[in-house]
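>>> task: produce atomic coordinates for the following.
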Amino acid sequence: MRKPETASDDGAVTFLNARLLDPASGRDEPGGLLVRDGIIADMGPHLRRNAAEKSRVIDCRGHLLCPGLVDMQVFTGEPGQEHRETLKTASYAAAAGGVTTMVVMPDTEPVIDQVALVDFIQRRARDNAPVNVHVMAAMTRGLKGTEMTEIGLLKRAGAIAFTNGKNTISSARVMRNALLYAKDFGALIVHHTEDPTLSEGAVMNSGEVATRLGLRGVHKAAETIVLQRDVSLVEITGGRYHASGLTCAESLEVIRAAKARGLPVTAGVSVNHLTLNENDIGPYRTFFRVRPPLRAESDRQAMVRGIASGDIDVIVSAHDPQDADVKRHPFAEAADGAIGLETLLAAALRLHHSGDVDLLPLIRAMTYNPAKLLGLPGGRLEKGAPADLILVDLGLPWVVDKTVLKARSKNSPFDESKMQGHVLATMVAGRIVYEYA
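Modelled structure (predicted):
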């Protein structure tokens with residue numbers, strides 16, 4: 001990316017000679033874009049080579065200019081476990097990865113299940129984070145799955161969705177009541193679908209690989225059983241429901257059937273389950289111990305087809321930092337989790353470079369779809385939209401080096417992996433918060 005040719009007195013920036021990609025409208029064409037006062041003031045082919053007066057000029061050299069990513073599943077350690085990750089370190093990692101909006105999960109100490117804690121996260125983010133930070137509050141107190149939180153008050157305080165984090169609600173009664181209560185406030189329920197009675201003690205996917213490694217596995221039925229129950233409860237209540245991290249072909253069929261019946265159901269998948277499988281665990285590599293576990297290659301391919309067809313709506317990083325003290329153990333004793341904010345886009349682009357998923361639906365699943373689902377204004381390129389943008393060189397090769405990652409924890413499953421495609425610049429509300437050196 002060429003350095004700015006001129007400076008602007010009013011903060012205006014003109015991106016010239018870009019490939020404009022807008023997943024909301026389907027636009028994919030050469031052109032330019034003008035940012036003024038934190039919003040997109042103008043865009044189109046007429047700005048491809050002609051900059052607005054008195055604006056900073058950035059020559060994109062034909063690279064991709066698209067909305068910044070919206071990552072709706074980010075675990076941090078703040079409050080309570082700041083040694084793993086803080087809002088500040090996570091947000092700088094997000095900016096480097098092209099994530100302009102991140103939604104933090106309530107799995108903290110204490111759990112984000114009170115208005116005061118939602119306010120705490122928002123204030124900390126305003127003071128420390130260069131990207132947009134939103135809160136997904138707890139659906140039940142302490143994430144214990146027994147007593148609902150005050151969804152109405154939490155939503156009024158700024159929570160944009162409700163979840164039980166990494167914990168599945170076993171009680172159908174509690175889940176039904178949560179869907180009913182959330183419906184009254186137009187709130188979205190996000191759920192991790194994994195039957196705890198089947199997954200207890202399991203450390204990877206059940207099958208031949210687990211048997212060969214001598215590790216206890218969990219069958220994918222643990223996921224589909226809960227998902228089928230939840231869809232039935234959605235049919236009864238009419239509440240908005242999002243399955244946070246599907247992993248297998250059978251779950252995809254449940255989602256397809258639910259959508260065909262017109263139910264308000266959506267689904268997400270982590271980039272790990274789109275690009276990795278159980279074989280990557282290899283010689284007991286604990287950075288590949290994630291939850292839900294990596295599945296068989298056939299299930300990974302099913303998830304990829306789900307993104308290509310639009311049956312799966314959202315791709316997330318599932319960023320879950322764990323320090324060396326809990327990862328440097330035998331596989332069966334190591335903590336679940338892998339970081340992913342800085343590698344979300346590059347890992348997802350593997351599907352584009354392999355020809356499995358077109359660029360537009362791939363970017364849509366990381367921008368417009370999550371923004372629309374959460375009621376956020378970003379995720380699109382159009383006049384009046386927030387200037388949350390990323391400039392991406394789709395062909396730039398690089399190698400993931402944990403020593404230069406900005407995340408506080410270094411448990412990346414893509415460590416030392418070769419990538420193709422890198423963020424050159426990240427803009428949030430009209431301000432450039434990251435530039436690739």
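>>> excluding chain neighbours, what is closest to Gly80?
Glu109 (2.8 Å; C-beta to C-beta, 6 or more residues apart in numbering). C-beta: built from backbone N, CA, C; applies to glycine.
>>> does the one you found belong to a helix, a strand or coil?
coil (DSSP: H, G, I helix; E, B strand; the rest coil).
>>> the nearest residue to His353 once chain neighbours are set aside: how many residues sit nearby?
Of all residues not flanking His353 in the chain, Gln420 sits nearest, at 5.6 Å (C-beta to C-beta, 6+ apart). Gln420: 15 surrounding residues under other C-beta atoms under 10 Å.
>>> tell me which element Gln420 falls in.
Taking DSSP states H and E as the criterion, Gln420 maps to strand 418-428.
>>> rewinding a little: just the pLDDT at the residue nearest to Gly80, thanks.
Glu109 carries a pLDDT value of 96.
>>> show me what contacts it?
79-81 (C-beta atoms under 8 Å, 6 or more residues apart in numbering).
>>> out of these, who's nearest Glu253?
Distance ranking of the contacts of Glu109 against Glu253, using C-beta to C-beta, places Gln81 first at 37.4 Å.
>>> wait, what's in contact with that closest one?
Gln81 touches 108-109, counting by C-beta under 8 Å, 6+ apart.
>>> just the pLDDT for it.
In this model, Gln81 carries a pLDDT of 95.
>>> and what of Glu53?
So Glu53 comes in at 74 (pLDDT).
>>> so it is in which element?
Short version, using DSSP H and E: Glu53 is in no helix or strand.
>>> check Thr197 too.
Going by DSSP H and E, Thr197 is part of helix 196-199.
>>> can you check Val326 too?
With DSSP H and E as the test, Val326 turns up in helix 324-327.
>>> please enumerate residues in contact with that helix?
With C-beta under 8 Å, 6+ apart, helix 324-327 has contacts from 286-287, 334-335, 410-411.
>>> ok now that helix, how far from the chain's centre?
The chain centroid and the centroid of helix 324-327 are separated by 24 Å under C-alpha atoms, centre = their mean, to the nearest Å.
>>> put the alpha carbons of it into PDB.
The C-alpha trace of helix 324-327 is given here as PDB (Å, rounded to 0.1, in the frame of the first residue of the first chain):
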ATOM      1  CA  ALA A 324       1.200 -22.100  28.200                       C
ATOM      2  CA  ASP A 325       0.500 -23.300  31.700                       C
ATOM      3  CA  VAL A 326      -2.800 -25.000  30.600                       C
ATOM      4  CA  LYS A 327      -1.800 -26.000  27.100                       C
END
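>>> pull the contacting residues for the closest residue to Pro79 other than its chain neighbours.
The shortest distance from Pro79 to any non-neighbouring residue, by C-beta to C-beta, 6+ apart, is to Thr108 (5.4 Å). With contact taken as C-beta under 8 Å, 6+ apart, Thr108 is in contact with 76-81, 117.
>>> how about a cut-off of 10 Å?
Residues in contact with Thr108, defined by C-beta atoms under 10 Å, 6 or more residues apart in numbering, are 75-82, 84, 117, 120-121, 138, 143, 165.
>>> contact partners of the helix or strand just after the strand holding Gln420?
The helix or strand immediately downstream of strand 418-428 is strand 431-435, counting by DSSP H and E. By C-beta under 10 Å, 6+ apart, the surrounding residues in contact with strand 431-435 are 1, 3-4, 11, 13, 35, 38, 56, 58, 68, 91-100, 129-131, 387-391, 406, 423-428.
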